[in-house]
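Undergrad: Need a 3D model of the following:
(one chain, ligands or ions: 2)
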Amino acid sequence: MKIFNTLTRSKQEFVPINEGKVGIYVCGPTVYDYIHIGNARPMIVFDTLRRYLLYKGYDVNYVSNFTDVDDKIIKRANELGVESAVVSEKYIAECKKDMEGLNVMPATTHPQATKEIPDMIEMIKVLIEKGHAYEKNGTVYFRTRSFDGYGKLSHKNIDDLESGHRAENHQLKVSGEDEKEDPLDFVLWKPKKEGEPSWPSPWGDGRPGWHLECSVMSKKYIGDVIDIHAGGEDLIFPHHENEIAQSEAANDTEFARYWMHNGFLKINNEKMSKSLGNFFTVREISEKYPLQVIRFFMLSAHYRSPLNFSADLVEASKNGLERILTAVEKLKELKPANEGNDPAIEAELENFVKRYEAAMDDDLNTADAISVIFELIKYTNINVTNDTPKATVDKALSTVEKLCDVLGIITEKEEELLDSDIEALINERQAARKAKDFAKADEIRNKLADMGITLLDTREGVKWKRA
Ligand code: AMP
Ligand code: ZN
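TA: Numbers count the residues shown, from 1 in each chain. Ligands and ions are numbered 1, 2, ... in the order given. Below you'll find the model as predicted:
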């Protein structure tokens, strides 16, 4: 399999460090709110990478963290008047529910920053001993210029970065960051402020910097060298650049062999983000579409391309997915009576599998892989019938199912209850009442009750809620 490596800016043959084993680290979300569908893109894309590597027979150790100590979490907790942990634990649980809906497999380990503080302190100690870090008034900084390779991932030149910093206004001085030896230095440990969670350390009570957590947790759960490190492209600089500097300076070895970055999910050609306010949460979207459709939509583009979110495109994905599920259903309903095999059909099926694998081997080209699935179902719809031998029908079905399964697409047709379906039934009930057909109105009410929907007849009209 070839992977586009951000480090070398080229597609490279994937060779794991240990034969048959792959260690993957994916930077996870900061948990202060429900995740938005932009955050879901790396989850879906790299879950698909994991599934494909499993399909190829690798043993995959997949680690993805939750950033559970951060300014945004603290701010949210202070607004609500609760401890930070109350906010982070709630949104970790909610995130896991969304992941389940998106059919994203739970990671082998989901480490949390707040549970790994002793190891973070250890890494800072090592960096200080080696001259790569220093403490000033309770803050520990990484001495960026002490690490030779700085800028190698983002392909930035350290002197350009420095002059960029100088050109910025004097905000730095105001925020007290002028105590740094060099404007490029970044924080490993920050001192406690009133109303913030903190942990004791040799440099006083405080909390770790964001970049440090990933260096520490990947080392603990995968090792000093990881095969694939992944995340959204906004993380290349400074987050991943800083992770490399910390880990390579502390461990004296290469940090990650392959760096994979997904492109942005956009809306009206702007990055979907919390700060721009142009986002939809996965939870909101799940009321409008089955989350399978969202997963299928995300995989319909190459992971490195930007992807624009629009109702039309999601609708197209919904129809595409429906075509696949209908084809699967049709194969399941066949009643073939013939014995034996049809070698010509089976050879064609193998051919589709090869083409699918070729697409996935080409830097996880799920867009092309999906096109192959569409061609495959077009082929089975025409060529696999009740006259086809049973063993060949079974093979056709298992082939479609197998290729969908690698993408995390569930081929069982599931009845999802959408808001629009519920509202259509309520309207039907209202019409029945108007026509004084109370038996029918009651029947619809009972049907909704069976589906877990409670109706409330109020003066403002009918209100409903899910159980
Ligand atoms: P955050 O919680 O902002 O650290 O983001 C968690 C993950 O989601 C990171 O890998 C981000 O790069 C990724 N991400 C955030 N917004 C988007 C977006 N609009 N499109 C794709 N990935 C995103
Ligand atoms: Zn990270």
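
Undergrad: what about the residue in the stretch 151-300 of the chain positioned nearest to ligand 2, neighbour count?
TA: Of all residues in the stretch 151-300 of the chain, Cys214 sits closest to ligand 2, at 3.2 Å by CB to the ion. Yep, even glycine has a C-beta here, placed from its N, CA and C like the rest. Counted with other CB atoms under 10 Å, residues neighbouring Cys214 total 27.

Undergrad: what about it, which helix or strand?
TA: helix 210-221 (DSSP states H and E).

Undergrad: circling back to that earlier point, would you agree the residue of the stretch 151-300 of the chain closest to ligand 2 is in contact with Asn65?
TA: Yes - here Cys214 reaches Asn65: they are 6.4 Å apart, a contact under CB atoms under 8 Å.

Undergrad: Show me whatever sits in contact with both of these two.
TA: Counting by CB atoms under 8 Å, 6 or more residues apart in numbering, the contacts common to Cys214 and Asn65 are Cys27.

Undergrad: For Glu443, pull up the helix or strand it's in.
TA: Short version, using DSSP H and E: Glu443 is in helix 438-450.

Undergrad: For that helix, C-alpha coordinates in CSV please.
TA: Only the C-alpha atoms of helix 438-450 are listed here, as CSV (Å, rounded to 0.1, in the frame of the first residue of the first chain):
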residue,chain,number,x,y,z
PHE,A,438,-60.7,8.7,15.2
ALA,A,439,-59.9,5.1,14.8
LYS,A,440,-57.2,5.9,12.3
ALA,A,441,-55.9,8.8,14.4
ASP,A,442,-55.5,6.5,17.4
GLU,A,443,-53.9,3.8,15.3
ILE,A,444,-51.2,6.4,14.2
ARG,A,445,-50.8,7.5,17.8
ASN,A,446,-50.2,3.9,18.9
LYS,A,447,-47.8,3.3,16.0
LEU,A,448,-45.8,6.3,17.1
ALA,A,449,-45.8,5.1,20.7
ASP,A,450,-44.4,1.8,19.5
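
Undergrad: Just the buried residues of the very next helix or strand once past that helix, please?
TA: As assigned by DSSP H and E, the chain's next helix or strand after helix 438-450 is strand 453-458. Neighbour counts over strand 453-458 (16 or more other CB atoms under 10 Å) mark Ile453, Leu455 as buried.

Undergrad: quick one on the thing from earlier: give the buried residues for the helix holding Glu443.
TA: Neighbour-count burial for helix 438-450, counted by 16+ other CB under 10 Å, picks out Ala441, Ile444, Arg445, Leu448.

Undergrad: can I assume the second one is in contact with Asn427?
TA: Yep, that's Ile444 we're talking about. No - assessed by CB under 8 Å, Ile444 is found out of contact with Asn427, at 9.7 Å.

Undergrad: Let's verify His229: helix, strand, or coil?
TA: strand (DSSP: H, G, I helix; E, B strand; the rest coil).

Undergrad: hey, where'd the strands end up in the stretch 101-250 of the chain?
TA: Secondary structure of the stretch 101-250 of the chain (DSSP state E, counting those that start in this stretch): strands at 133-136, 139-142, 186-191, 206-208, 226-232.

Undergrad: Make TSV from those and add distance to ligand 2 and mean pLDDT to it.
TA: Shown next, in TSV, are the strands of the stretch 101-250 of the chain (distance: least, CB to the ion, whole Å; pLDDT from 0 to 100):
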stretch	distance to ligand 2	mean pLDDT
strand 133-136	18	98
strand 139-142	15	98
strand 186-191	13	97
strand 206-208	12	97
strand 226-232	6	98
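
Undergrad: Same list as before, the ones you listed that is, but in JSON lines and with mean neighbour count included.
TA: What follows is the strands of the stretch 101-250 of the chain, written out as JSON lines (neighbours: other CB atoms under 10 Å):
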{"stretch": "strand 133-136", "mean neighbour count": "18"}
{"stretch": "strand 139-142", "mean neighbour count": "25"}
{"stretch": "strand 186-191", "mean neighbour count": "21"}
{"stretch": "strand 206-208", "mean neighbour count": "23"}
{"stretch": "strand 226-232", "mean neighbour count": "24"}
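
Undergrad: right, and these - which one's nearest Gly81?
TA: Among the strands of the stretch 101-250 of the chain, the nearest to Gly81 by CB to CB is strand 206-208 (20.1 Å).

Undergrad: and that closest one, how far from the chain's centre?
TA: When distances are taken as CA atoms, centre = their mean, to the nearest Å, strand 206-208 is centred 27 Å away from the chain's centroid.

Undergrad: Check stretch 70-82 too.
TA: 24 Å.

Undergrad: Could you do stretch 96-112 as well?
TA: The answer for stretch 96-112 is 9 Å, by CA atoms, centre = their mean.

Undergrad: Can it be said to contact ligand 2?
TA: No - using CB under 5 Å from the ion, stretch 96-112 stays clear of ligand 2, with a minimum separation of 11.0 Å.

Undergrad: List the buried residues for that stretch?
TA: Buried residues in stretch 96-112 (16+ other CB under 10 Å): Asp98, Met99, Gly101, Leu102, Asn103, Val104, Ala107, His110, Pro111, Gln112.
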